[in-house]
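Participant: For reference, the sequence and a predicted model appear below.
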Amino acid sequence: MTDELYTIGEMCETYDVTPRTLRFYEAKELLFPKREGQKRLFTRRDRARLKLILQGKRFGFSLEEIRQLLNLYDIGDQQVTQMARTYELGCDRLRAMEEQREELTTAIEDLKEQLRWGEEFLASKGVKRAAE
């Protein structure tokens, strides 16, 4: 199965993406399917790249960052540069995500406090809570 070529439909089913998504990634030079007439055939390399693209998107990397990281695979240093750059960007992204989480946690606590205040105010005026 490792040398098997996947059609666009098989890729969509396997990786839960749309044909439009695959064509978009191809247009952005992230995937390079073989062509047989109008048919796109995806190799094992395309499948590995798509997994990395989807994971990178999940972690919040931009498509340009993902493209640059994928292109480092071919520079011939046994992926040392690719791994080092991926690690560096990953650390940066983790810091940003942790900051976002802290900001979100603070916002949630602030909103809960405002809702408690609103509930107490309404109760003091004899108004029952509308949302429960």
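Facilitator: Arrived safely.
Participant: The closest residue to residue 59 other than its chain neighbours: what secondary structure?
Facilitator: Once flanking residues are discounted, residue 59 sits nearest to residue 93: 5.6 Å by CB to CB, 6 or more residues apart in numbering. In short, each C-beta sits where N, CA and C put it, glycine included. The three-state label given to residue 93 by DSSP: H, G, I helix; E, B strand; the rest coil is helix.
Participant: Check the burial of the closest residue to residue 82 other than its chain neighbours by counting its neighbours.
Facilitator: Nearest non-adjacent residue to residue 82, counting by CB to CB, 6+ apart: residue 72, 3.7 Å away. Using other CB atoms under 10 Å, residue 72 has 17 other residues around it.
Participant: Could you do residue 71 as well?
Facilitator: 12.
Participant: Relative to residue 37, how far out is it?
Facilitator: Distance from residue 71 to residue 37, counting by CB to CB, to the nearest Å: 28 Å.
Participant: quick one on the thing from earlier: ok, the residue nearest to residue 59 touching residue 60?
Facilitator: Yes: using CB atoms under 8 Å, residue 93 makes contact with residue 60 at a distance of 5.6 Å.
Participant: the more surrounded of those two?
Facilitator: More crowded of residue 93 and residue 60, by other CB under 10 Å: residue 93, with 15 against 12.
Participant: The chain: helices as residue ranges?
Facilitator: In the chain, the helices defined using DSSP state H lie at 8-15, 19-27, 44-58, 63-71, 80-124.
Participant: what would these look like in JSON lines with mean pLDDT and distance to residue 33?
Facilitator: Putting these into JSON lines (pLDDT from 0 to 100; distance: least, CB to CB, whole Å) gives the following:
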{"stretch": "helix 8-15", "mean pLDDT": "97", "distance to residue 33": "8"}
{"stretch": "helix 19-27", "mean pLDDT": "97", "distance to residue 33": "6"}
{"stretch": "helix 44-58", "mean pLDDT": "96", "distance to residue 33": "6"}
{"stretch": "helix 63-71", "mean pLDDT": "94", "distance to residue 33": "15"}
{"stretch": "helix 80-124", "mean pLDDT": "96", "distance to residue 33": "22"}
